[in-house]
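**Student:** please work out how this folds:
(chains A and B)
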Amino acid sequence: QKEVEQNSGPLSVPEGAIASLNCTYSDRGSQSFFWYRQYSGKSPELIMSIYSNGDKEDGRFTAQLNKASQYVSLLIRDSQPSDSATYLCAVNKYGNQFYFGTGTSLTVIP
Amino acid sequence: SQTIHQWPATLVQPVGSPLSLECTVEGTSNPNLYWYRQAAGRGLQLLFYSVGIGQISSEVPQNLSASRPQDRQFILSSKKLLLSDSGFYLCAWGGESNSPLHFGNGTRLTVT
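**Tutor:** Predicted coordinates for the structure are as follows:
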């Protein structure tokens, strides 16, 4: 079983719509959760961190964490073409060990 | 503020040649340091991480090795490259107290 799983997509949404990205993780001992954005040919860039159950909002981005269901999601409101990228879910286990999903490719259609 | 430098940006090497990739971090002391590899169209594979000078943990046994000769320097090496070593190599720092990782710009390695 993979540590972190994401739907690979591709996910296409029209400009201005809400994009919803999902992630599940296998270890209940996981402590912190992150979303990264990776443009083609570039390195991952941190966009959200979440540590406790519930929602965390930052601008157009909302991260949601449900530890009971071992589920993390990212909502992008008012999607823009510049949001087109691969989104990586990452989970921190035991402080030092980070595991990444394979990423979901998002295309925002103008 | 903290910055991370990784070089070279691109590298083309023949099979069987050696490899040395270097990463340095500025603006922080005793960071946790990581090497990841991303194959084309694939996720990030953790190769090595280090919590201090000379302390290296290997996640995947292979022909790669890592060293941390100084507090903020992390080096990835190989004595003989394989075709399967091609990929995007990323150095990162962070992870202390559940903080996120921050990545360098990466090195795109092509083994021919």
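
**Student:** just checking, next helix/strand downstream of the worst-scoring helix or strand of chain A on mean pLDDT?
**Tutor:** Ranked by mean pLDDT, DSSP states H and E, the weakest helix or strand in chain A is strand A:97-100, scoring a mean of 87. Going down the chain from strand A:97-100, the next helix or strand is strand A:104-109, by DSSP states H and E.

**Student:** so A:Q97 touches B:Y34, yeah?
**Tutor:** No: A:Q97 is not in contact with B:Y34 according to Cβ atoms under 8 Å; the separation is 9.5 Å. Heads up, the C-betas are built off the backbone N, CA and C, glycines and all.

**Student:** quick check: neighbours shared by the two?
**Tutor:** B:46, B:49 (Cβ atoms under 8 Å, 6 or more residues apart in numbering or on different chains).

**Student:** so between those two, which is more surrounded?
**Tutor:** Counted by other Cβ atoms under 10 Å in any protein chain shown, A:Q97 and B:Y34 do not tie: B:Y34 has more neighbours, with 28 against 17.

**Student:** quick check: the more buried one vs B:F74, distance?
**Tutor:** Look at B:Y34 and B:F74: by Cβ to Cβ, to the nearest Å, they are 8 Å apart.

**Student:** excluding chain neighbours, what is closest to the residue in chain A that chain B sits nearest to?
**Tutor:** Here chain A gets closest to chain B at one residue, A:T102, 3.6 Å apart by Cβ to the nearest Cβ. Spatial nearest neighbour of A:T102, excluding adjacent residues (Cβ to Cβ, 6 or more residues apart in numbering or on different chains): B:G43 at 3.6 Å.

**Student:** I'd say the one you found and A:Y99 touch.
**Tutor:** No: assessed by Cβ under 8 Å, B:G43 is found out of contact with A:Y99, at 9.1 Å.

**Student:** can you name the residues that contact the residue of chain A closest to chain B?
**Tutor:** Here A:T102 is in contact with A:5-6, A:8, B:42-43 (criterion: Cβ under 8 Å, 6+ apart).

**Student:** which among these count as buried?
**Tutor:** Using 16 or more other Cβ atoms under 10 Å in any protein chain shown as the burial test, the contacts of A:T102 include A:5-6, B:43 as buried.
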